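Participant: using only what follows, build the 3D model:
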Amino acid sequence: MRLGSVAIDTPANYRGTPMYVAALKGHVSAIETLVRLGSTAIDTPDKYGRTPMHAAAENGHMSAIGTLVRLGSKAIDTPNEDGQTPLYTAAQNGHASIIETLVRLKSKVIDTTDNDGWTPMHVAALNGHASVIETLVRLKSKTIDTQNKGGWTPICTAVYMGTESCLKTFKILGADLSTVRREDAESEMLKCLDDPIDEEESFELRYRFYFNQALTALRLE
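Facilitator: The predicted model follows:
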């Protein structure tokens, strides 16, 4: 279909189709209008293989994700050209609630790697998103000690990047500390690695973890 003299699904340079841009911006009404006007680009990728679902996940637009699924999107677990799924993208950008939404919508890729063997857990650690790490473990991710193609585990990544909050989270959640490449770590991170787990911090995280786990179980019933 054409709207005036412009094809409704014509990509706008590298930004993808109007549907992609609407999802990127979180404009639910625009997504609905495009479909009503005959758009068939609900799962059409941009030049890098990123779908509207990736775009919504990147910017944390929960309502846009729900709308895409409701209107027929099948791209909830579709990877881009680098092997990165919408859930991976959400983890990369620190959107724990989006990860929960995707799992509730039956996403099955919580442990799926990209083309270089990086998991959602790795990229959460890379970008300092401790709450995402906690969420992934709570949602039954099994990759807390998984190595990427370079041999790095998520906790290696946290130590190398100097993200103390992620390192503490990994310690409390039981990551294998022996996988850390100590030669790659700054002295303050080695101190954090070797220090005993703070009992108060551990209690607070575990209380939050199990409370949220119970809530998640109720939502997924």
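Participant: what residues sit buried inside stretch 76-84?
Facilitator: Neighbour-count burial for stretch 76-84, counted by 16 or more other Cβ atoms under 10 Å, picks out 76, 77, 78, 79, 80, 84. All C-beta atoms are positioned from the backbone trio N, CA, C, and that covers glycine.
Participant: got the CA positions of the longest helix seen in the chain in CSV?
Facilitator: Longest helix in the chain by number of residues (criterion: DSSP state H): helix 199-220. Provided in CSV are the C-alpha atoms of helix 199-220 (Å, rounded to 0.1, in the frame of the first residue of the first chain):
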residue,chain,number,x,y,z
GLU,A,199,26.7,-10.2,55.1
GLU,A,200,24.3,-7.2,55.0
GLU,A,201,24.7,-6.8,51.2
SER,A,202,24.2,-10.5,50.7
PHE,A,203,21.1,-10.5,52.8
GLU,A,204,19.6,-7.6,51.0
LEU,A,205,20.3,-9.1,47.5
ARG,A,206,19.0,-12.6,48.5
TYR,A,207,15.9,-11.1,50.1
ARG,A,208,15.2,-9.1,46.9
PHE,A,209,16.1,-12.1,44.7
TYR,A,210,13.7,-14.6,46.4
PHE,A,211,10.9,-12.0,46.8
ASN,A,212,11.1,-11.2,43.1
GLN,A,213,11.4,-14.9,42.2
ALA,A,214,8.0,-15.5,43.9
LEU,A,215,6.4,-12.6,42.0
THR,A,216,7.8,-13.9,38.8
ALA,A,217,6.4,-17.4,39.4
LEU,A,218,3.0,-15.8,40.0
ARG,A,219,3.2,-13.8,36.7
LEU,A,220,4.3,-16.8,34.7
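Participant: give me the buried positions along it.
Facilitator: Buried-residue list, helix 199-220, by 16+ other Cβ under 10 Å: 205, 209, 212, 216.
Participant: could you pull out the helices for this structure?
Facilitator: Using DSSP H, helices in the chain cover 18-25, 28-36, 52-58, 62-70, 86-92, 96-104, 120-126, 130-138, 154-161, 164-172, 187-194, 199-220.
Participant: lowest mean pLDDT across these, which one is that?
Facilitator: For those, mean pLDDT drops lowest on helix 199-220, to a mean of 76.
Participant: out of the helices of the chain, flag the one nearest residue 10.
Facilitator: Residue 10 lies closest, by Cβ to Cβ, to one member of these: helix 18-25, at 7.7 Å.
Participant: between that closest one and helix 62-70, how big is the angle?
Facilitator: Relative orientation of helix 18-25 and helix 62-70, computed by axes from the mean of the first three to the mean of the last three Cα atoms, to 10 degrees: 140 degrees.
Participant: what helices or strands is helix 18-25 leaning on?
Facilitator: Contacts defined by 3 or more Cβ pairs under 8 Å, 6 or more residues apart in numbering; DSSP states H and E place helix 18-25 against helix 28-36, helix 52-58, helix 62-70.
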